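In: got a predicted structure here, sequence first:
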Amino acid sequence: MSETNTRMAPIVVDHPLVQHKLTRLRQASTSTAGFRRLTRELSLLLCYEATRDLPTEAVEIETPVESTTGRTLSGKKLCFISILRAGNGILDGMLDLVPAARVGHIGLYRDHDTLEAIEYYMKLPDDVAERDCIVVDPMLATGHSAAAAIDRVKAAGVTNIIFVCLLGAPEGMDYMAARHPDVKIVTCSIDRGLNEKGYIVPGLGDAGDRLFGTR
Ligand SMILES: O=P(O)(O)OC[C@H]1O[C@H](OP(=O)(O)OP(=O)(O)O)[C@H](O)[C@@H]1O
Ligand SMILES: O=c1cc[nH]c(=O)[nH]1
Ligand SMILES: [Mg+2]
């Protein structure tokens with residue numbers, strides 16, 4: 001996969017709280033309830049980073065003491081897009097921080113043999129093209145799922161997209177840089193690579209199964 005010059009550098013959030021929670025999340029001994037809670041907490045912290053460059057505007061307000069000028073969010077409204085099913089684990093924390101955001105869903109699963117993304121569902125808000133979008137999925141392994149989801153989001157007319165994940169592999173980072181160099185990636189870690197089954201190593205296992213207790 002050739003590298004492009006316009007590749008946007010990924011943001012790896014190395015805050016001590018993030019790294020502590022990520023380590024607990026990785027541990028095989030962490031329960032389903034613990035995994036879900038840690039994912040939600042990490043999502044809040046990732047959302048904080050992903051929204052760092054949102055534009056703001058000055059507004060005049062009255063505090064109980066005097067008039068002052070504050071800043072509020074301006075510009076396009078937000079839409080979170082969850083890649084089902086594991087993306088829903090991230091969505092909860094994001095919505096805690098931005099409760100007014102609209103939400104889209106794209107259903108994809110990885111074919112275990114080919115590692116290609118197979119689509120089974122899509123529902124985006126009617127006005128998605130007028131919004132900035134944050135696409136969420138805990139794992140960026142080969143990058144096939146994220147790239148396929150972002151193809152769909154761009155086809156719906158969205159021009160400003162950020163991808164948020166808990167873990168990325170270098171392979172997925174390269175694939176995204178080639179397919180969607182304009183998309184900023186925010187993650188807790190870029191791990192060593194992929195194993196022969198396409199799992200991130202050291203990773204955290206199958207995020208969907210660990211979130212929903214399906215295996
Ligand atoms: O980068 P890739 O190689 O495409 O792998 C990442 C995808 O794999 C996982 O989903 P999975 O297919 O396990 O579906 P699930 O969320 O329903 O468990 C994960 O949540 C990503 O969507
Ligand atoms: O390690 C991985 C790779 C893809 N999907 C997961 O859930 N985990
Ligand atoms: Mg899964």
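Out: Yes, it's here. Ligands and ions are numbered 1, 2, ... in the order given.
In: could you use CA atoms for every contact and neighbour count after this?
Out: Noted.
In: so what touches stretch 156-164?
Out: 46-47, 50, 128-138, 146, 182-187 (CA atoms under 8 Å, 6 or more residues apart in numbering).
In: same question for that stretch: list its buried residues.
Out: 158, 160-164 (16 or more other CA atoms under 10 Å).
In: from those, which ones fall inside strands?
Out: With strands taken from DSSP state E, the overlap with the buried residues of stretch 156-164 comprises 161-164.
In: between these, which is closest to ligand 2?
Out: For those, the minimum distance to ligand 2 (CA to the nearest ligand atom) is 14.3 Å, reached by residue 164.
In: now do that closest one, the pLDDT please.
Out: pLDDT, residue 164: 98.
In: next: residue 1.
Out: Per-residue pLDDT puts residue 1 at 42.
In: tell me the helices and strands packed up against the longest helix along the chain.
Out: Counting by DSSP state H, the longest helix found in the chain is helix 32-50. Judged by 3 or more CA pairs under 8 Å, 6 or more residues apart in numbering; DSSP states H and E, the packing partners of helix 32-50 are helix 16-26, helix 87-97, strand 161-164, strand 184-187, helix 207-212.
In: give the buried residues for it.
Out: By neighbour count on 16+ other CA under 10 Å, the buried set for helix 32-50 is 32, 35-47, 49-50.
In: ok, now stretch 15-29?
Out: For stretch 15-29, the neighbour count (16+ other CA under 10 Å) marks 18, 21-22, 25 as buried.
In: from those, pick the one nearest ligand 1.
Out: residue 25 (14.7 Å).
In: just give the closest residue to the closest one, not the sequence neighbours.
Out: Spatial nearest neighbour of residue 25, chain neighbours left out: residue 35 (5.7 Å); criterion: CA to CA, 6 or more residues apart in numbering.
In: now swap in residue 191 and tell me
Out: Closest to residue 191 by CA to CA, 6+ apart is residue 169, at 5.2 Å.
In: sorry, back to before: quick one: contacts for the residue nearest to residue 25?
Out: Residue 35 touches 25, 210-211, counting by CA under 8 Å, 6+ apart.
In: gap between residue 146 and ligand 2?
Out: Distance from residue 146 to ligand 2, counting by CA to the nearest ligand atom, to the nearest Å: 11 Å.
In: excluding chain neighbours, what is closest to that residue?
Out: Distances taken as CA to CA, 6+ apart put residue 140 closest to residue 146, at 6.9 Å, once the chain neighbours are dropped.
In: before we move on, what about residue 102?
Out: Leaving aside its chain neighbours, residue 102 sits nearest to residue 79 (4.6 Å; criterion: CA to CA, 6+ apart).
In: I'd guessed the one you found sits against residue 133; true?
Out: Yes: at 4.8 Å, residue 79 counts as touching residue 133 under the criterion of CA atoms under 8 Å.
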